[in-house]
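*Asks:* Have a look at this prediction, sequence included:
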Amino acid sequence: MALQTLTIRRPDDWHVHLRDGEMLKLVAPFTARQFARAIVMPNLAPPLTSAAAAESYRERIVEATGPEFTPLMTCYLTDESDPEDIASGFDGRVWVAAKLYPANATTNSAFGVTDVRNIYSALERMQAIGMVLCVHGEVTDPQVDVFDREAVFIERVLDPLMRDFPGLKIVLEHITTAEAADFVQTAGPNLAATVTPHHLMINRNAMFERGLRPHAYCLPVAKREKHRIAIRRAATSGSPKFFLGTDSAPHARHAKESACGCAGIFNAPFALEAYATVFEEEGALDRLEAFASVNGPDFYGLPVNDGTIILQHSATEIPDALGVGAIELVPFLASSELPWSLAD
């Protein structure tokens, strides 16, 4: 008989985009409904490169979600990042981590790092104070095929970086390939990875099903089926090196359905239902709590949450669209159904 309810410690989202302004007010409550905390990405326009800007943004997030949700802020690294400013923000409990975006790798990453050696002094300081580095793991070399950019990043950038900074804690975010899963699993204890629901549930065919499907387009892009299978095995394996990070990245429908559609999948409204579906399909529901609620806090050196949430084995119907006013969003798996629901 199938399990009818599943109670787990309240989870966290270790990678989310909450945007700002009216979009923030719309999307942040979806994350707060499910998660106690979230690592909030700093790629606003302009990006969050100062502690003062991060503190102001944190206040806007709490205003949108209520005080029971805790945003964990990240510093946007640039070629000019000052090591002492980063350390000061970390010591002042503004920053929890710093984010490495290779320049022009994804949304609002134009101010990102052009060469990782340009931030070596910042990384050395982070290593000394125990501050986590979050990494968007793709090269931007136009000669590298878009489907190979994660694997090449591991070879060209991440592996040498880890040798140069063996004490630096690194999260390779939103992994999409067998190479990434294997590299994380076999690396030392200072490397971990987040895994999204969409990379667990779709492969690259989803972008081309009976035409171009912009709402299945994200960065890193979904890969071949063999890679989806590999990261499903990693996420559901019980290894403490993998944990939940939705990479929910909302864009208005008109920005997705355009001549040059934005990269990003909006999965926040039904993220836990999606993860539970995957873990059930893999026969690993007993490992969902560690993946969602324990591995992330352990890696970041934070306490686990006190409360619990209940998932019920009852259908959730995902609407065609969500939104308010001029903002219309198409959620991940729109117009479909998931077998799990989150109890109120």
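*Replies:* Structure's in. What do you need?
*Asks:* If you count neighbours, what's buried in the helix-or-strand element of the chain with minimal mean pLDDT?
*Replies:* Least confident element among the helices and strands of the chain, by mean pLDDT, DSSP states H and E: strand 322-324 (a mean of 88). For strand 322-324, burial by neighbour count (16 or more other CB atoms under 10 Å) applies to 322, 323. For the C-beta atoms, the positions are set from N, CA and C on the backbone; glycine is no exception.
*Asks:* Point out the other helices and strands that it packs with.
*Replies:* helix 21-34, strand 327-329 (3 or more CB pairs under 8 Å, 6 or more residues apart in numbering; DSSP states H and E).
*Asks:* ok, residue 15 to residue 310 distance?
*Replies:* With distances taken as CB to CB, to the nearest Å, residue 15 is found 24 Å from residue 310.
*Asks:* who's more crowded, these two?
*Replies:* residue 15 (26 against 12; other CB atoms under 10 Å).
*Asks:* before we move on, which element is that one in?
*Replies:* Here residue 15, judged by DSSP states H and E, is contained in strand 13-16.
*Asks:* Over to residue 271?
*Replies:* Going by DSSP H and E, residue 271 is in helix 271-281.
*Asks:* now that helix, how far from the centre of its chain.
*Replies:* 16 Å (CA atoms, centre = their mean, to the nearest Å).
*Asks:* Would you mark the buried spots in it?
*Replies:* So for helix 271-281, counting by 16+ other CB under 10 Å, buried means 271, 272, 273, 274, 275, 276, 277, 278, 279, 280.
*Asks:* do stretch 278-294 as well
*Replies:* 278-280, 282, 284-285, 287-294.
*Asks:* Let me know the closest of those to residue 137.
*Replies:* Nearest to residue 137 among the buried residues of stretch 278-294: residue 291, at 19.6 Å, using CB to CB.
*Asks:* My understanding was that that closest one contacts residue 245; is that so?
*Replies:* No - using CB atoms under 8 Å, residue 291 is not in contact with residue 245, being 10.4 Å away.
*Asks:* all strands of the stretch 101-250 of the chain, in order?
*Replies:* Secondary structure of the stretch 101-250 of the chain by DSSP state E, counting those that start in this stretch: the strands cover 132-135, 170-172, 191-195, 242-244.
*Asks:* ok so, going back, among the buried residues of stretch 278-294, which pair sits farthest apart?
*Replies:* Going by CB to CB, the pair spanning these furthest: 280 and 294, at 18.8 Å.
*Asks:* JSON lines for the strands of the stretch 101-250 of the chain, including mean pLDDT, mean neighbour count and distance to residue 24?
*Replies:* Formatted as JSON lines, the strands of the stretch 101-250 of the chain follow (pLDDT from 0 to 100; neighbours: other CB atoms under 10 Å; distance: least, CB to CB, whole Å):
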{"stretch": "strand 132-135", "mean pLDDT": "98", "mean neighbour count": "24", "distance to residue 24": "20"}
{"stretch": "strand 170-172", "mean pLDDT": "98", "mean neighbour count": "26", "distance to residue 24": "23"}
{"stretch": "strand 191-195", "mean pLDDT": "99", "mean neighbour count": "26", "distance to residue 24": "21"}
{"stretch": "strand 242-244", "mean pLDDT": "98", "mean neighbour count": "26", "distance to residue 24": "21"}
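*Asks:* what comes up buried for stretch 97-109?
*Replies:* Applying 16+ other CB under 10 Å to stretch 97-109 flags 97, 98, 99, 100, 101, 102, 105, 106, 107, 108, 109 as buried.
*Asks:* Just give me the closest of those residues to residue 299.
*Replies:* For these, the nearest to residue 299 is residue 97 (10.5 Å; CB to CB).
*Asks:* Show the subsequent helix or strand relative to whichever strand or helix holds residue 53.
*Replies:* Using DSSP H and E, the element containing residue 53 is helix 51-65. Sequence-wise, the next helix or strand downstream of helix 51-65 (DSSP H and E) is strand 70-76.
*Asks:* quick one: contacts for the residue nearest to residue 171 when sequence neighbours are not counted?
*Replies:* Once flanking residues are discounted, residue 171 sits nearest to residue 134: 4.9 Å by CB to CB, 6 or more residues apart in numbering. Taking CB atoms under 8 Å, 6 or more residues apart in numbering, we find residue 134 in contact with 15, 39, 74, 97, 98, 99, 100, 170, 171, 173.
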